[in-house]
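S.K.: Have a look at this prediction, sequence included:
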Amino acid sequence: MTRWTLTQADRDFMRRDIELFLPDRIFDAHAHIFCHAHFEELPAGYVGLPARLGLDAYTQLIDWIHPGGRTRGGLFFGLAFTGDLLANNHFVAEEVQKSPRKIDFAQMIIAPAMSAEAIHQSAQAGGFVGLKCYHTLASGYERTWEAPIEAYLPERQVAVAGELGLSITLHMVRERALADSQNQATIRRYCKRYPDMKLVLAHCGRGFNPWHTIEGIDSLRGLDNVFFDTSAVTEAGAFEAIIEVMGHERLLYGSDFPVSHIRGRCVAIGDSFHWIYADELDMTEKHTELQPVLVGLESLRALRLACWRMRLNAGQIEAIFFDNARSLFKSKRS
């Protein structure tokens, strides 16, 4: 099945399971934009996307999962893979600065070797509201999936975020994610030492296996500057744990565009998780013909289930989709 298409199965899924759940205003707190030219070799999964994936392309494509022009703003960053990070950051900043929407914001990708001074200057010059780190940029690890947070988000960089009141979007790794005691200790230390820094734990604290978030969420009680985005999580348990322990006010909707537009889903298996992609499946397996839909739609249905199970009202759902992020990211644009 071809990637980067909208199928009748997607449309039917949207109409049946998603559209009536969506509020009229959506802020997307986790979306990637980039140019192919910034990478020597674009990751294989992104081949087929427009060569220049800016806000115009995003706005057109995101309507597949937020139909009717609901998307009113977002938090955008580049791809945190090896490539020309400076050019990618510059592209994101330019796209956001020329956006007619007043609540589009940019985070800059940072590498662990970047100095505090460089981050301070670049963040202010580019109008960035935050920083985006990623484990693949950690050095000295054969498998960066096992890297501690400090290896790709050193404390001197967190200190800059604290000084400037910036956000940080953190995709933590290590096998058990939020259930890992070392991750918990680092998050608590950073958040308590730098209270003006706002830490957004991507993917519900990497809750692709919801049991990791369920097990680890209590460790973050009492931290006022930790938040979570929903990006690409396709099981409801992590959402429910965050809402129950931290409150719905700490949960921000995010699409993880363009991952949102891949067909498939992530499932918990044992103490880990596995991504299932449509182009790797036998569509006639077992008793029925499979009709996979976009990851973004699967994630929205999981969020709908969590909101229903947690008995959230319409106002609380609207807060997850818009108000929480709108309060967190303050515009400095005229």
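M.R.: Yep, that arrived.

S.K.: Tell me where the chain has helices.
M.R.: 8-13, 55-62, 85-97, 116-126, 155-164, 181-193, 202-206, 210-216, 237-245, 295-309, 314-318, 324-328 (DSSP state H).

S.K.: Now do the second one: distance to the chain's middle.
M.R.: On the basis of Cα atoms, centre = their mean, to the nearest Å, helix 55-62 sits 17 Å off its chain's mean C-alpha point.

S.K.: which parts of that helix are buried?
M.R.: Buried positions in helix 55-62, judged by neighbour count with 16 or more other Cβ atoms under 10 Å: 55, 57-58, 61-62. C-beta here means a position set from N, CA and C on the backbone, and glycine is covered the same way.

S.K.: And for the first one?
M.R.: Of all the residues in helix 8-13, those buried under the rule 16+ other Cβ under 10 Å are 9-10, 13.

S.K.: Contacts for it, please.
M.R.: Applying Cβ atoms under 8 Å, 6 or more residues apart in numbering, the contact partners of helix 8-13 are 64, 291-294, 297, 301.

S.K.: Output those in a markdown table, with neighbour count, distance to residue 100 and pLDDT appended to each entry.
M.R.: Converted to a markdown table, those look like this (neighbours: other Cβ atoms under 10 Å; distance: Cβ to Cβ, whole Å; pLDDT from 0 to 100):
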| residue | neighbour count | distance to residue 100 | pLDDT |
| --- | --- | --- | --- |
| 64 | 19 | 21 | 97 |
| 291 | 15 | 37 | 89 |
| 292 | 22 | 35 | 93 |
| 293 | 23 | 31 | 96 |
| 294 | 28 | 27 | 97 |
| 297 | 24 | 27 | 98 |
| 301 | 20 | 31 | 98 |
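
S.K.: picking that back up, of the helices of the chain, give the one that comes closest to residue 268.
M.R.: Checking the helices of the chain against residue 268 by Cβ to Cβ gives helix 210-216 as the closest, at 6.2 Å.

S.K.: before we move on, the earlier item: may I ask which two of the contacts of helix 8-13 are separated the most?
M.R.: Maximum distance among the contacts of helix 8-13 (Cβ to Cβ): 15.8 Å, for 64 and 291.

S.K.: Can you list the low-confidence ranges for the chain?
M.R.: Applying pLDDT under 70 to the chain flags the ranges 1-2, 283, 285-287, 331-334.

S.K.: how does it look with 90?
M.R.: In the predicted model of the chain, residues 1-4, 36, 39-50, 79-83, 102, 139, 142, 278-291, 330-334 satisfy pLDDT under 90.
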